[in-house]
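**Q** okay, here's the prediction I keep looking at, along with the sequence it came from:
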Amino acid sequence: MAPPRKYPDELRERAVRLYRESDRKPVIRRLAEQLNVHPEALRTWIRQDQADHGERDDRPTTAMLEENRRLRKEIAELKRVNEVLRAASAYFAAEIDPTRRRS
(Lines give C-alpha, C1' and ligand atoms only; values in the text may rest on other atoms or scores of the structure.)
Protein backbone atom coordinates (compact mmCIF):
# COMPACT_ATOMS: atom_id res chain seq x y z
CA MET A 1 0.00 0.00 0.00
CA ALA A 2 1.32 3.41 -0.93
CA PRO A 3 2.05 5.93 1.81
CA PRO A 4 -0.35 8.86 2.11
CA ARG A 5 0.55 11.86 0.00
CA LYS A 6 1.80 14.97 1.73
CA TYR A 7 -0.27 17.28 -0.48
CA PRO A 8 -3.82 16.55 -1.64
CA ASP A 9 -4.50 16.16 -5.36
CA GLU A 10 -6.80 19.20 -5.34
CA LEU A 11 -3.93 21.38 -4.13
CA ARG A 12 -1.64 20.01 -6.83
CA GLU A 13 -4.20 20.67 -9.55
CA ARG A 14 -4.93 24.16 -8.23
CA ALA A 15 -1.23 25.06 -8.02
CA VAL A 16 -0.51 23.90 -11.57
CA ARG A 17 -3.63 25.67 -12.86
CA LEU A 18 -2.56 28.90 -11.15
CA TYR A 19 0.86 28.65 -12.76
CA ARG A 20 -0.56 27.82 -16.21
CA GLU A 21 -3.24 30.52 -16.18
CA SER A 22 -0.86 33.32 -15.18
CA ASP A 23 -0.08 35.74 -18.00
CA ARG A 24 3.38 36.37 -16.63
CA LYS A 25 4.71 33.15 -15.24
CA PRO A 26 5.23 33.62 -11.50
CA VAL A 27 8.44 32.71 -9.77
CA ILE A 28 7.90 29.17 -8.55
CA ARG A 29 9.40 29.91 -5.14
CA ARG A 30 6.96 32.78 -4.51
CA LEU A 31 3.95 30.81 -5.72
CA ALA A 32 5.00 27.88 -3.52
CA GLU A 33 5.24 30.17 -0.48
CA GLN A 34 1.75 31.52 -1.19
CA LEU A 35 0.35 28.02 -1.45
CA ASN A 36 2.33 26.68 1.53
CA VAL A 37 4.09 23.94 -0.46
CA HIS A 38 7.73 23.13 -1.00
CA PRO A 39 9.13 24.86 -4.12
CA GLU A 40 10.65 21.65 -5.50
CA ALA A 41 7.31 19.87 -5.14
CA LEU A 42 5.61 22.62 -7.13
CA ARG A 43 8.37 22.58 -9.75
CA THR A 44 7.96 18.82 -10.13
CA TRP A 45 4.18 19.14 -10.53
CA ILE A 46 4.61 21.81 -13.18
CA ARG A 47 7.19 19.76 -15.10
CA GLN A 48 4.95 16.68 -14.97
CA ASP A 49 1.99 18.72 -16.23
CA GLN A 50 4.12 20.05 -19.08
CA ALA A 51 5.16 16.49 -19.98
CA ASP A 52 1.50 15.40 -19.91
CA HIS A 53 0.62 18.21 -22.32
CA GLY A 54 3.48 17.33 -24.68
CA GLU A 55 5.50 20.44 -23.87
CA ARG A 56 8.47 18.48 -22.49
CA ASP A 57 10.24 15.45 -23.85
CA ASP A 58 12.65 14.86 -20.97
CA ARG A 59 10.19 13.04 -18.71
CA PRO A 60 7.56 10.36 -19.21
CA THR A 61 3.89 11.28 -19.13
CA THR A 62 1.66 10.24 -16.26
CA ALA A 63 0.00 7.66 -18.51
CA MET A 64 3.38 6.13 -19.31
CA LEU A 65 4.31 6.01 -15.62
CA GLU A 66 1.04 4.28 -14.76
CA GLU A 67 1.52 1.79 -17.59
CA ASN A 68 5.07 1.06 -16.36
CA ARG A 69 3.77 0.46 -12.81
CA ARG A 70 1.09 -1.88 -14.13
CA LEU A 71 3.61 -3.79 -16.25
CA ARG A 72 6.06 -4.11 -13.34
CA LYS A 73 3.29 -5.63 -11.20
CA GLU A 74 2.34 -7.99 -14.01
CA ILE A 75 5.97 -9.06 -14.49
CA ALA A 76 6.36 -9.70 -10.75
CA GLU A 77 3.20 -11.82 -10.73
CA LEU A 78 4.35 -13.79 -13.78
CA LYS A 79 7.73 -14.43 -12.13
CA ARG A 80 5.95 -15.77 -9.03
CA VAL A 81 3.75 -18.03 -11.16
CA ASN A 82 6.79 -19.25 -13.10
CA GLU A 83 8.57 -20.14 -9.86
CA VAL A 84 5.54 -22.12 -8.65
CA LEU A 85 5.35 -23.96 -11.96
CA ARG A 86 9.07 -24.81 -11.82
CA ALA A 87 8.71 -26.16 -8.30
CA ALA A 88 5.62 -28.18 -9.26
CA SER A 89 7.37 -29.53 -12.33
CA ALA A 90 10.37 -30.66 -10.28
CA TYR A 91 8.10 -32.23 -7.66
CA PHE A 92 6.05 -34.19 -10.19
CA ALA A 93 9.12 -35.22 -12.19
CA ALA A 94 10.64 -36.66 -9.02
CA GLU A 95 7.38 -38.46 -8.24
CA ILE A 96 7.22 -40.06 -11.71
CA ASP A 97 10.81 -41.36 -11.63
CA PRO A 98 12.07 -41.42 -8.02
CA THR A 99 15.31 -43.27 -8.91
CA ARG A 100 16.51 -40.59 -11.31
CA ARG A 101 18.31 -37.64 -9.75
CA ARG A 102 17.36 -34.15 -10.82
CA SER A 103 19.24 -31.00 -10.02
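**A** Happy to help now that I have it. Residues are numbered from 1 along each chain as shown.

**Q** got the buried residues for the one helix or strand Gln48 maps to?
**A** Secondary structure assigned from DSSP states H and E places Gln48 in helix 39-52. Neighbour-count burial for helix 39-52 flags 41-42, 45-46, 48-52 (criterion: 16 or more other CB atoms under 10 Å). No exception for glycine: its C-beta is placed from N, CA and C like everyone else's.

**Q** which outside residues touch that helix?
**A** With CB atoms under 8 Å, 6 or more residues apart in numbering as the test, helix 39-52 has contacts from 6-7, 12, 15-16, 19-20, 28-29, 31-33, 35, 56-63.

**Q** which ones among those map onto helices?
**A** Among the contacts of helix 39-52, the ones falling in helices (DSSP state H) are 12, 15-16, 19-20, 28-29, 31-33, 35, 62-63.

**Q** pull the most distant pair out of those.
**A** Across those, no pair lies farther apart than Glu33 and Ala63, at 31.3 Å, counting by CB to CB.

**Q** ok, the two, which is more surrounded?
**A** Glu33 (13 against 9; other CB atoms under 10 Å).

**Q** any idea how far that one is from Asp52?
**A** 25 Å (CB to CB, to the nearest Å).

**Q** just Glu66 next, same as before
**A** 11 Å.

**Q** how about Met1?
**A** Separation of Met1 from Asp52 (CB to CB): 25 Å.

**Q** got it, and Ala94?
**A** Per CB to CB, Ala94 is found 53 Å from Asp52.

**Q** so, low pLDDT: which residues of this structure?
**A** 2, 98, 100-103 (pLDDT under 70).

**Q** what's the domain layout of it?
**A** Domains of the chain are assigned by automatic domain parsing as 1-59, 61-103.

**Q** now do the first one: distance from first to last residue.
**A** Okay, so that is domain 1-59. Its start and end residues considered, domain 1-59 measures 25 Å (CA to CA, to the nearest Å).
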